[in-house]
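Asker: what's the 3D shape of this:
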Amino acid sequence: MELRWLDDFCALARTRHFSRAADERHVSQPTFSRRIKLLEEEIGVTLIDRNSLPLTLTPAGDVFLLSCEDISTRLRQTKSQCRAIDQQQQEQLVLATGQALLLNFLPAWRQQLAIQLQGNDGLEVNLSANNWIGSEYSQALLQGQCDLLLTYWHPAMQLDAELKPEAVDFITLGQDQLIPMSAGNEYGQVKFDLDSNDPAPQIPYLAYHPQTLLAQVIEAQVQPLFTNQLVTVNENSQAISSKALIQQGFGLGWLPRSLAQEELQQGKLYIAGGTQWHIGLQIRLYRRRNDANTKLQNLWQVLIKTVA
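Answerer: Below you'll find the model as predicted:
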């Protein structure tokens, strides 16, 4: 059964005339009559008494008309709702980011942005990005899987090679630090310390997966300073997971300071090395230069003024 047949039947029931109903439905009378006949064959009963003038509905036609009008009304309402949802989705800007920035930086930044925009920021977070790793973020932006990419940046990362200036713009939204951290011992002191002068057994090291951006930074900036005491016992792709393992005392690892600020203040985590082990990070927001989305362009102008 075709849904347009229902509207045909409603028009015929209203006009009681094949020709006028056909005109109302913008089809020829033979086409209209054929569609009504097909509807009757589909239902399996005669709906129109063609021997009466003006035309009348059969008893079955009267019953069917009630359902027909209800179905047609529901269909129009559903179509309208679907179009509204689709329009809303098209107006949303998709932002991709990792778990650390998603949970720690993004909420406060969006609140500030909403104030600047006097309402909804129009951003939808791509949660699938939490399973991405390394270059998958930059490829997602370049391939249009997201409109915006929120990420940490450091010169040692491969981002500059992947996100070339002719292809993207960026805005620096903030600063952070990547710092070695450890749980405490029974005496309320750091359990694993990179700067300790005391002879100590090997230190378990909780590393990042080699393809992650943070692993690239650590390899370039501080790994050459590693002593033979550091032994990798785990590789993780997410700073959130690394923090949980570090806090439980499984080893030493590097975390963004902002991600562990609360635990540092509460004495649940300790800084495990001096400033020579600390790595400065920028928090950047990227977009494609060739993205013609008007809403994105307007948002970008607001952001430029905000960080200026």
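Asker: Show me where the stretch 151-300 of the chain has its helices.
Answerer: In the stretch 151-300 of the chain, the helices defined using DSSP state H, counting those that start in this stretch lie at 159-162, 213-221, 239-247, 257-265, 294-307.
Asker: Model confidence for Gln88, exactly?
Answerer: Per-residue confidence at Gln88 stands at 51 (pLDDT).
Asker: oh, I was asking about Arg83
Answerer: Arg83 is assigned 68 on the pLDDT scale.
Asker: shaky segments in the stretch 101-250 of the chain?
Answerer: Per-residue confidence for the stretch 101-250 of the chain (pLDDT under 70) gives these ranges: 198-201.
Asker: ok so, going back, would you mind putting the helices of the stretch 151-300 of the chain into a markdown table with mean neighbour count alongside?
Answerer: For the C-beta atoms, the positions are set from N, CA and C on the backbone; glycine is no exception. Formatted as a markdown table, the entries for the helices of the stretch 151-300 of the chain read as follows, by neighbours: other C-beta atoms under 10 Å:
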| stretch | mean neighbour count |
| --- | --- |
| helix 159-162 | 16 |
| helix 213-221 | 20 |
| helix 239-247 | 20 |
| helix 257-265 | 16 |
| helix 294-307 | 13 |
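Asker: Could you name the stretch from those that's closest to Gln189?
Answerer: Distances from Gln189 to each of those were compared by C-beta to C-beta, and the smallest falls on helix 257-265, at 14.1 Å.
Asker: Run through the neighbouring helices and strands of the closest one.
Answerer: helix 99-104, strand 168-182, helix 239-247 (3 or more C-beta pairs under 8 Å, 6 or more residues apart in numbering; DSSP states H and E).
Asker: Give the pairing partners of the longest one; include direction for each.
Answerer: Counting by DSSP bridges, the strands paired with strand 168-182 are strand 253-256 (antiparallel), strand 270-271 (antiparallel), strand 279-288 (antiparallel).
Asker: Dump that strand to PDB, keeping only the CA atoms.
Answerer: Once side chains and other backbone atoms are set aside, the C-alpha atoms of strand 168-182 remain, and they are given as PDB (Å, rounded to 0.1, in the frame of the first residue of the first chain):
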ATOM      1  CA  VAL A 168      43.400  24.300   8.700                       C
ATOM      2  CA  ASP A 169      43.100  27.200  11.100                       C
ATOM      3  CA  PHE A 170      43.600  27.000  14.800                       C
ATOM      4  CA  ILE A 171      42.900  29.000  17.900                       C
ATOM      5  CA  THR A 172      44.900  28.500  21.200                       C
ATOM      6  CA  LEU A 173      42.300  28.300  24.000                       C
ATOM      7  CA  GLY A 174      44.600  27.600  27.000                       C
ATOM      8  CA  GLN A 175      47.700  26.000  28.400                       C
ATOM      9  CA  ASP A 176      48.400  22.900  30.400                       C
ATOM     10  CA  GLN A 177      51.400  20.800  31.600                       C
ATOM     11  CA  LEU A 178      52.200  17.100  31.200                       C
ATOM     12  CA  ILE A 179      53.700  16.100  34.600                       C
ATOM     13  CA  PRO A 180      55.100  12.800  36.000                       C
ATOM     14  CA  MET A 181      52.800  11.600  38.800                       C
ATOM     15  CA  SER A 182      52.700   8.800  41.400                       C
END
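Asker: Could you check the angle it makes with helix 213-221?
Answerer: With axes from the mean of the first three to the mean of the last three C-alpha atoms, to 10 degrees as the basis, strand 168-182 and helix 213-221 are set at 70 degrees to each other.
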